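Enquirer: how does the following fold in three dimensions:
(4 chains)
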There are 2 protein chains.
Amino acid sequence: MPKVEAVEALSRLASRSAPRASRAATPDALPLDTILRGDCVAELSRLPAQSVDLVFADPPYNLQLQGELRRPDESRVDAVDDAWDQFESFQAYDAFTRAWLLAVRRVLKPTGSLWVIGSYHNIFRVGSMLQDLDFWILNDIVWRKTNPMPNFRGRRFTNAHETLIWAAREPNAKGYTFNYEAMKAANEDVQMRSDWLFPICSGGERLKDADGHKLHPTQKPEALIARILLAASKPGDVVLDPFLGSGTTAAVAKKLRRHFIGIERDRSYAEAAQARVDATHPLPEAALAPAPSAREAPRVAFASLVERGLVTPGTLLTDARAQVKALVRADGTLSLETAPGLGTVGSIHRAGAAAQGAGACNGWTYWHIETGEGLMPIDRLRAVVRSEMAMAAE
Amino acid sequence: MPKVEAVEALSRLASRSAPRASRAATPDALPLDTILRGDCVAELSRLPAQSVDLVFADPPYNLQLQGELRRPDESRVDAVDDAWDQFESFQAYDAFTRAWLLAVRRVLKPTGSLWVIGSYHNIFRVGSMLQDLDFWILNDIVWRKTNPMPNFRGRRFTNAHETLIWAAREPNAKGYTFNYEAMKAANEDVQMRSDWLFPICSGGERLKDADGHKLHPTQKPEALIARILLAASKPGDVVLDPFLGSGTTAAVAKKLRRHFIGIERDRSYAEAAQARVDATHPLPEAALAPAPSAREAPRVAFASLVERGLVTPGTLLTDARAQVKALVRADGTLSLETAPGLGTVGSIHRAGAAAQGAGACNGWTYWHIETGEGLMPIDRLRAVVRSEMAMAAE
DNA sequence: ATCGCGCGTGAATCGCCAA
DNA sequence: GTTGGCGATTCACGCGCGA
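Expert: Down below sits the predicted model:
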């Protein structure tokens, strides 16, 4: 991946020339479960490379509002018009985006992944930059709001969603975490879709200052962050948020027994986030037991079934209709006894593929063994081995 | 808007240097209800400037598939791998996007608007380019699919949506069509949101070739296009689709009594689209009667109510609670009789605003008149005048 | 204690025309 | 180009208060 290497070189260059504070001239050890106060690019450049499992980022949206907005009853809408959300131009916003994404790439593990949330004002810039920097987009996710603000002037559709992008560090990245089974189980046993429905953050969850005003203009709901962490990280992983704000990511990470690193420039936000984290307690470990994942079950070679005596060499395996036959050899390979593929010797998967003239085949479900009560897929034997292994591990 | 002017200059330059076919060296008259066969940039450059009300575009998604995809049962997924969907790089895709967007901008009326649909593979490029070219994004819309294709590998979330961008020709564009009332009525009388739910195009609606294979890999559902046309155009408007494909936009436009112009490069798609259009018939006009829109109703001055004798000078108007009072003057202005604002003379709106200490007020709904059966908003009297005007117009 | 009502409010690129 | 007048325009949810 020459392009990735070029990007990494740029990233190193950027971090070398970045202004250093007194804290350290070389990357610190990983400051786990800490809120760092400062500019995120500068702070990221002090962290060790390839040390973070998951990044969640809620960057400024660059809203560019003109004038005030009033409701039909003449009350004023308290809009996001903070200085930190103002950029001079798309060019300036792109430069900002490029800088923090490069800094994030450096600290991400090769198996790590990145989530960014935004609206139509900024998300297209972020998505394009991710592609330009050779991140690899895995999904775009839509957060549908149950209770969005209406369009008061009746000139557009109600802006009822925000967009998240989930990306791996680079093309062909292997080993990023996706807890497929847990997501599926959480979605009535069908695959979790790319459109999620959550209320906006309000009520008791919304942090307020002493005067009862909202502490942060864009506090995200914990349920949204929790789904991200449950989908794309494991307990004990390191989760980093370069724009921590009111601290939702840190609080949810602590609750879900992930480590967090938060970066926040604004002192009052950082202090409120710290207080919030201090008041948050991890859930009981039992509540976080990972959902059973077929993918993470120990790999069992068919040969080990032969070794364990569950299948005797010389046995004939068949397909579900008992028309294709294959002989089990002592080394755990099969030898096809029927056309097409007659004489083929190979793994259960290759033999099954050859028997069907297909490019691939899951031999565990294709091949069956004769029992007193009819044909049984050999996958059932694998299940036996796995349960034995689980008992032995305790 | 100097930036817009610069973009328009570029656009003119692009159209001047575009290769010309024999058809014409200067822009033709608008070829209404026609399918043009050819490259969309070349064909667009032959159309008169500022002549189109609405553009719907479903450009190539640049899917960049690597190898084939199979379902768990080994059946092959018939993916979009057509030549027209392949681009060498993001730069090449961006250049393509820039070219057709500039060509579209030239033919769009200043009051026109543009819709583009895409997935995460291309929509970020399109959205960024729209912003770079100084289009003005009005909404991003999510098409949620009721029946998306599952993720067969279990490595990502089910990709269950596509994204549409709705944009005006330039910042501060006035007069783009948005049929707010119709959308609200279609959504159980609450504002239409930015997330829409439709099934993918399948079954009888899906065009098939002689062998029963799907004719076009990305045929869009008519319901999706219909909502767009119903939301953002009027009967008789000109709707243009630069990537017509199987002709959905043309067929829906004909059905909804909009004019269409379709551009399609591929001969077999263009022919199928033409046959489809020929077999499509417009809906009865009554079915397309626009939903009543307060915004478009004829303006009625309060003074005309006085002139017509519906309100007598000297009458006292009150707010809904009968606490604020104002005297109707012979010229149709009001004079406030109560504090705050006591003595203020002005229009029903200014008097209402003064009475409330607000910056603005809709006097038609604020002021009430005493009838035998209680207070009635003066808006009801306006309705009487309007219905008289409608009868007189017939 | 419970229910119903009124009020506040949320990442918003939020009007159009004539003078 | 700017200004000012006319007049059109909101949904879901949480909380507090009073019956």
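Enquirer: please list all residues in contact with residue A:132.
Expert: By C-beta atoms under 8 Å, 6 or more residues apart in numbering or on different chains, the contact list for residue A:132 reads residue B:90. Any C-beta I mention is one placed from the backbone N, CA and C, and that applies to glycine too.
Enquirer: ignore the last one, residue A:98
Expert: So residue A:98 contacts A:129, A:133 (C-beta under 8 Å, 6+ apart).
Enquirer: how much space is there between it and DNA strand C?
Expert: 18 Å (C-beta to the nearest atom of the strand, to the nearest Å).
Enquirer: kindly report the same for residue A:239.
Expert: From residue A:239 across to DNA strand C, the span is 18 Å (C-beta to the nearest atom of the strand).
Enquirer: go on, residue A:308?
Expert: Residue A:308 is 56 Å from DNA strand C, where distance means C-beta to the nearest atom of the strand.
Enquirer: what's the closest non-adjacent residue to that residue?
Expert: Leaving aside its chain neighbours, residue A:308 sits nearest to residue A:385 (6.7 Å; criterion: C-beta to C-beta, 6 or more residues apart in numbering or on different chains).
Enquirer: state the pLDDT value of the one you found.
Expert: Residue A:385 carries a pLDDT value of 76.
Enquirer: confirm it sits in a strand?
Expert: No: Residue A:385: not assigned to a strand; according to DSSP: H, G, I helix; E, B strand; the rest coil it is helix.
Enquirer: that one: how many residues sit nearby?
Expert: 17 (other C-beta atoms under 10 Å in any protein chain shown).
Enquirer: tell me the contacts of residue A:340?
Expert: Neighbour list for residue A:340: A:354, A:355, A:357 [criterion: C-beta under 8 Å, 6+ apart].
Enquirer: quickly find the element holding the first one.
Expert: Using DSSP states H and E, the secondary-structure element containing residue A:354 is helix A:348-356.
Enquirer: give me the phi and psi angles of the residue of the stretch 251-394 of chain A found nearest chain B.
Expert: Using C-beta to the nearest C-beta, the single residue of the stretch 251-394 of chain A nearest to chain B is residue A:358, 5.0 Å away. Dihedral angles of residue A:358 (phi, psi; degrees, to the nearest 10) stand at phi -100, psi 160.
Enquirer: isn't it up against residue B:74?
Expert: Yes: with contacts counted by C-beta atoms under 8 Å, residue A:358 reaches residue B:74, the gap being 5.0 Å.
Enquirer: which SS class is residue A:229?
Expert: Look at residue A:229: counting by three-state DSSP, its state is helix.
Enquirer: now it: closest residue in space that isn't a chain neighbour?
Expert: residue A:256 (5.3 Å).
Enquirer: distance of the one you found from residue B:218?
Expert: Using C-beta to C-beta, to the nearest Å, residue A:256 is found at 39 Å from residue B:218.
Enquirer: what's the neighbour count on residue A:364?
Expert: Residue A:364 has 18 neighbours, counted by other C-beta under 10 Å.
Enquirer: just to revisit the earlier point, what subset of the contacts of residue A:340 is buried?
Expert: For the contacts of residue A:340, a neighbour count by 16 or more other C-beta atoms under 10 Å in any protein chain shown gives the buried set as A:354, A:355.
Enquirer: which other residues reach the one helix or strand residue A:239 maps to?
Expert: Using DSSP H and E, residue A:239 falls within strand A:238-241. Here strand A:238-241 makes contact (C-beta under 8 Å, 6+ apart) with A:30, A:32, A:51-58, A:104, A:107, A:229, A:233, A:249-250, A:253, A:258-263.
Enquirer: switch to 7 Å and redo it
Expert: Strand A:238-241 has contacts (C-beta atoms under 7 Å, 6 or more residues apart in numbering or on different chains) with A:30, A:32, A:51-57, A:107, A:229, A:233, A:249-250, A:253, A:258-263.
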